[in-house]
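K.L.:
only geometry, no sequence info:
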């Protein structure tokens, strides 16, 4: 097994009650210890500790080391026994539309323009209100937690309701209130949309779990003056700006016809590119555009399965990685994927680009897993808080069952994580030190109530579309 015991010194926060070598100094009390198993840290040294442990207190990681050393130094109020399992940083879903879980399977096997214009936009106009958004969000959050996702970047309407549902369930989110240049379910015009964004960002700024953002939908649905206004808003409030960018060939062709520039070039000419931006998809970007994204510190989110299903194209991921771009992975919404499993995205990202490049060395297993963890955190500009198991970071972590028949024998941990692990292997999930899933059982959500409410609203969606046809 390709694992090590890590460095000789215990990596912990300073504490007066640390056990001295050979002494009987009392152990430092902490809230929780996750003990035993393989600990995959994703720290700068990429330590993988064969029999490791993680100590947690006040929502933060206070120690990551061998089980023996952590047990000697700390005493926990609660314990999670992870012996025979694997402990990883919580996965990061860099692009989603959670309420759209209620549109799952509604419009399959269409290109993006038809999918949006003829099914999704009309379905949203007929059905989306705050109650719909809350139900779809709860359904999506339950799926995320059960799949080991601890952070999601979401873009939709009524994002204040999305934030409330995530905070109640205990999930971390970078959430973008949508801005689009036609009447939306929660805003009849641009002024109303910007007012909603103002309220949303002001309310959630500084929250422990929620990072509020402004989310202009795309360069082709938001006019240039409004894009510039969105950038100024993000600058003034130091909040992220989330956008779809260069998703399809058609988008590029229309941008060249109407603006005289490709989408990334156009946003650069408007002064939009910045370290506050999170750009989803970026399928159709040439080398010089990737250089622009890197130069301006833009985070990029690769959505391989959604792009494949909509035949949008294959993003130049190997070129992004070669430039050390901050690129993460996303599922997109359940209406275009049709699930929220990041394990499938990790596996697909590794394999798709080997096929397209005709090179099996492209996008290694470790690189693919980095995009779901620490590089994905960089893409959301949250790497100082999440993405790895390091002292001082938020205690967002996942315990996996790694002794299933389809994962044995375990010889390479990254190979097992990327090519064999599934969402069903997730046993325990903690966010900010709070258990959200324990023994595969949801703790912060009522699964039966969510299922019942979701089926009712799903019937509503189908009936209203049928009447409008």
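P.N.:
Perfect, I can see it now. As the structure is a prediction and not an experimental result, all values here were calculated from the model. Numbers count the residues shown, from 1 in each chain.
K.L.:
ok, the spatially closest residue to residue 147 that is not a sequence neighbour - how many residues close by?
P.N.:
Nearest non-adjacent residue to residue 147, counting by CB to CB, 6 or more residues apart in numbering: residue 423, 3.7 Å away. From N, CA and C alone the C-beta is placed, and that goes for glycine too. Residue 423 has 18 neighbouring residues, counting by other CB atoms under 10 Å.
K.L.:
Residue 423 contacts residue 148, correct?
P.N.:
Yes. Here residue 423 reaches residue 148: they are 6.7 Å apart, a contact under CB atoms under 8 Å.
K.L.:
list the residues that contact both of these two?
P.N.:
Residues touching both residue 423 and residue 148 by CB atoms under 8 Å, 6 or more residues apart in numbering: residue 343.
K.L.:
residues contacting the residue nearest to residue 147?
P.N.:
Contacts of residue 423 (CB under 8 Å, 6+ apart): 146-148, 341, 343-344.
K.L.:
and these as JSON lines, adding neighbour count, secondary structure and distance to residue 107?
P.N.:
Formatted as JSON lines, the contacts of residue 423 follow (neighbours: other CB atoms under 10 Å; DSSP: H, G, I helix; E, B strand; the rest coil; distance: CB to CB, whole Å):
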{"residue": "146", "neighbour count": "21", "secondary structure": "helix", "distance to residue 107": "25"}
{"residue": "147", "neighbour count": "24", "secondary structure": "coil", "distance to residue 107": "23"}
{"residue": "148", "neighbour count": "27", "secondary structure": "coil", "distance to residue 107": "28"}
{"residue": "341", "neighbour count": "22", "secondary structure": "coil", "distance to residue 107": "20"}
{"residue": "343", "neighbour count": "23", "secondary structure": "helix", "distance to residue 107": "25"}
{"residue": "344", "neighbour count": "18", "secondary structure": "helix", "distance to residue 107": "20"}
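K.L.:
Tell me the one among these nearest to residue 441.
P.N.:
Residue 441 lies nearest to residue 146 out of those, by CB to CB, at 9.5 Å.
K.L.:
any idea how far that closest one lies from residue 82?
P.N.:
Distance from residue 146 to residue 82, counting by CB to CB, to the nearest Å: 18 Å.
K.L.:
Residue 159 - nearest residue in space that isn't next to it in sequence?
P.N.:
residue 177 (4.1 Å).
K.L.:
ok but that neighbour is inside a helix, no?
P.N.:
No. Under DSSP: H, G, I helix; E, B strand; the rest coil, residue 177 sits outside any helix and is assigned strand.
K.L.:
And the worst-scoring helix or strand of the chain on mean pLDDT, what's buried?
P.N.:
Here the helix or strand of the chain ranked lowest by mean pLDDT, DSSP states H and E is helix 112-114, holding a mean of 78. The neighbour-count check on helix 112-114 (16 or more other CB atoms under 10 Å) flags residue 112 as buried.
K.L.:
re the thing from before, quick one, grab the pLDDT at the residue nearest to residue 159.
P.N.:
Listed pLDDT for residue 177 reads 98.
K.L.:
Count the residues that sit near it.
P.N.:
Counted with other CB under 10 Å, the neighbours of residue 177 add up to 29.
K.L.:
Look up how far residue 303 lies from the residue nearest to residue 147.
P.N.:
Taking CB to CB, one finds residue 423 at 17 Å from residue 303.
K.L.:
do residue 181 as well
P.N.:
Between residue 181 and residue 303 the computed distance is 23 Å (CB to CB).
K.L.:
Of the two, which one has the most company?
P.N.:
A direct count of neighbours by other CB under 10 Å for residue 181 and residue 303 places residue 303 higher, at 32 against 16.
K.L.:
which ones are touching that one?
P.N.:
Contacts of residue 303 (CB under 8 Å, 6+ apart): 95, 280-281, 329-332, 345.
K.L.:
Which of those fall in strands?
P.N.:
Judged by DSSP state E, strands contain the following of the contacts of residue 303: 95, 280-281, 329.
K.L.:
Dump the residues you listed into CSV; add neighbour count and distance to residue 101 as well.
P.N.:
Shown next, in CSV, are the ones in strands among the contacts of residue 303 (neighbours: other CB atoms under 10 Å; distance: CB to CB, whole Å):
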residue, neighbour count, distance to residue 101
95, 29, 14
280, 28, 17
281, 28, 20
329, 30, 18
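K.L.:
What is the burial count for residue 65?
P.N.:
Residue 65 has 27 neighbours, counted by other CB under 10 Å.
K.L.:
Hmm, it is touching residue 49, no?
P.N.:
Yes. Counting by CB under 8 Å, residue 49 is a contact partner of residue 65 at 6.9 Å.
K.L.:
quick one, what contacts residue 71?
P.N.:
Residues near residue 71 by CB under 8 Å, 6+ apart: 33, 35, 53.
K.L.:
Check the protein for its longest helix and report it.
P.N.:
helix 447-468 (DSSP state H).
K.L.:
tell me which residues in that helix are buried?
P.N.:
Within helix 447-468, the residues scored as buried using 16+ other CB under 10 Å are 450, 453-454, 458, 461, 465.
K.L.:
repeat for stretch 248-256
P.N.:
For stretch 248-256, by 16+ other CB under 10 Å, it's 248, 251-252, 255.
K.L.:
which SSE is the residue nearest to the spatial centre of the chain in?
P.N.:
Closest residue to the average C-alpha location of the chain: residue 93 at 1.8 Å, with CA atoms, centre = their mean. Residue 93 is located in strand 91-96, with elements delineated by DSSP states H and E.
K.L.:
just checking, what packs against that strand?
P.N.:
Helices and strands touching strand 91-96, as assessed by 3 or more CB pairs under 8 Å, 6 or more residues apart in numbering; DSSP states H and E, comprise strand 149-156, strand 277-281, strand 299-302, strand 327-329, helix 342-357, helix 374-379.
K.L.:
neighbouring contacts of that strand?
P.N.:
Strand 91-96 has contacts (CB under 8 Å, 6+ apart) with 140, 144, 147-155, 278, 280-281, 299, 301, 303, 328-333, 340, 342-343, 372-373, 376-377, 379-380, 386-387, 398.
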